[in-house]
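Chemist: from the sequence below, what's the structure:
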Amino acid sequence: MMNRKLDLNLLRVLCALVENKNVTETGIRLGMGVSSVSYALNKLRDHYSDPIMIRTKNGMQPTGLALDLYNHFSPALNLIEPASTGRKLPLHDKNFFRIRTNPTIENWLASKLMNDEGTVIQNAVFEFNNFSNDGEARIEALRRKQIDIDIGTSLAVDSSIIEYQLLLKNVHAVCQVNHPRLHGKVTLEMLKKEKFIAYVLPKDSSNIELEKYIFYFDGITSLSRKVRVSSLATMLMLVSHSDAVCFMPASLVDYYSKFYNIKTLETDVGNEYTYTIYANILKSAKDNPIIKNIISHLMTLAD
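Modeler: From the prediction side, this is the model:
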């Protein structure tokens, strides 16, 4: 039978665990030691006769009861704590943002946010993680507020989610700066004689048997795709240290050319191709100034 009394601090821990999915991070947010958080979790389990948080391969996940309790108590705690302490609860501190995206956008966007000196994000902390490529898992992560913004391929229509489309206009053929053969105007016939590294979409449970290229346009099927990778960093490293050729979005070439020994080839191949990426957020977060700031950075890719 459930005990009648429940310490308010235990409810704070419960809500923080549901949001953070991690005992250590919960302790940091609440100014508690790991052992104290674990002790509180055991008290909650005993009180409700429920596991509350379950360890999975994707980290700690809340039970159905824990989510119901969170939805019931978190609004009340957010009202009570500021009135008594003069500040918001750490567990509701929305200066901490999780971003799910691929390594290509992560590298570029992390640099933008790190060097953004605007007052809006001055005290914000950003965590990047690919989490999952599965569409349903990505939607669920947004719904549960495990992530704040999902950047990548399109998701299924969901009434709780807003989708922003970002059109990356044109792709450029890229090779190492001192390529022995590719100089000046480069034709498709010339490219056919070169090794080509293809950029493919990471596989998930729905497309495991399919070969989906990030860039697909007339002539690509006639190129010798020597290697297929799902990491732009791997692709550019290989191109920088070999005679291989690859294609990448025109809006990212200048940024990545600072870190890799690459140059853009003058060619008509793929120049008119447009690649679309999608940024997904909860509708309830659309007016958050930091989310809006992230979206504004992403929109510069489509300029």
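Chemist: identify the residues contacting the residue most central in space within the chain.
Modeler: The residue lying closest to the centre of the chain (Cα atoms, centre = their mean) is residue 100, at 1.6 Å. By Cβ atoms under 8 Å, 6 or more residues apart in numbering, the contact set of residue 100 is 128, 129, 130, 131, 138, 141, 147, 149, 150, 151, 152. The way it works is simple: take the backbone N, C-alpha and C, and place the C-beta from them, glycine included.
Chemist: show the subsequent helix or strand relative to the lowest-mean-pLDDT helix or strand in the chain.
Modeler: Of all helical and strand segments in the chain, the minimum by mean pLDDT, DSSP states H and E falls on helix 64-85, at a mean of 73. Using DSSP states H and E, the next helix or strand after helix 64-85 towards the C-terminus is strand 96-100.
Chemist: what's the angle between whatever helix or strand comes next after that next one and strand 96-100?
Modeler: Next helix or strand after strand 96-100 toward the C-terminus (DSSP H and E): helix 103-114. Angle, helix 103-114 to strand 96-100, by axes from the mean of the first three to the mean of the last three Cα atoms, to 10 degrees: 160 degrees.
Chemist: chain center to helix 103-114: distance?
Modeler: 10 Å (Cα atoms, centre = their mean, to the nearest Å).
Chemist: buried stuff in that helix?
Modeler: For helix 103-114, a neighbour-count test (16 or more other Cβ atoms under 10 Å) marks 104, 105, 106, 107, 108, 109, 112, 113 as buried.
Chemist: list the contacts of that helix.
Modeler: With Cβ under 8 Å, 6+ apart, helix 103-114 has contacts from 99, 101, 121, 124, 126, 128, 130, 151-152, 231-233, 252, 255, 277, 294, 297-298, 301.
Chemist: where does the stretch 1-150 of the chain have low pLDDT?
Modeler: 1-5, 58, 78-94 (pLDDT under 70).
Chemist: may I see the buried residues of helix 103-114 arranged in TSV, with distance to residue 31 as well?
Modeler: Shown next, in TSV, are the buried residues of helix 103-114 (distance: Cβ to Cβ, whole Å):
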residue	distance to residue 31
104	37
105	34
106	30
107	33
108	35
109	30
112	31
113	26
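Chemist: which of the contacts of residue 100 count as buried?
Modeler: 128, 131, 138, 141, 147, 149, 150, 151, 152.
Chemist: make TSV out of the residues you listed and add distance to residue 95 and secondary structure.
Modeler: Shown next, in TSV, are the buried ones among the contacts of residue 100 (distance: Cβ to Cβ, whole Å; DSSP: H, G, I helix; E, B strand; the rest coil):
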residue	distance to residue 95	secondary structure
128	16	strand
131	20	coil
138	23	helix
141	20	helix
147	15	coil
149	14	strand
150	19	strand
151	19	strand
152	24	strand
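Chemist: and these, which is closest to residue 166?
Modeler: Relative to residue 166, the closest of these is residue 151; by Cβ to Cβ it sits at 8.5 Å.
Chemist: excluding chain neighbours, give the residue nearest to that closest one in space.
Modeler: What sits nearest to residue 151 in space, not counting adjacent residues and going by Cβ to Cβ, 6 or more residues apart in numbering, is residue 101, at 3.8 Å.
Chemist: tell me the phi and psi of the one you found?
Modeler: phi -160, psi -180 (degrees, to the nearest 10).
Chemist: cool, and residue 26?
Modeler: The phi/psi pair for residue 26 (degrees, to the nearest 10) is phi -60, psi -40.
Chemist: give me the number of residues near it?
Modeler: 29 (other Cβ atoms under 10 Å).
Chemist: how far away is it from residue 61?
Modeler: Shown here: residue 26 relative to residue 61, a distance of 14 Å by Cβ to Cβ, to the nearest Å.
Chemist: now do residue 190
Modeler: The value you get for residue 190 to residue 61, if Cβ to Cβ is used, is 53 Å.
Chemist: please apply the same query to residue 200.
Modeler: Distance from residue 200 to residue 61, by Cβ to Cβ: 30 Å.
Chemist: isn't residue 283 right up against residue 158?
Modeler: No - counting by Cβ atoms under 8 Å, residue 283 stays clear of residue 158, with 9.5 Å between them.
Chemist: show me which of those two is the more surrounded one.
Modeler: A count of neighbours by other Cβ under 10 Å puts residue 158 above the other of residue 283 and residue 158, at 15 against 11.
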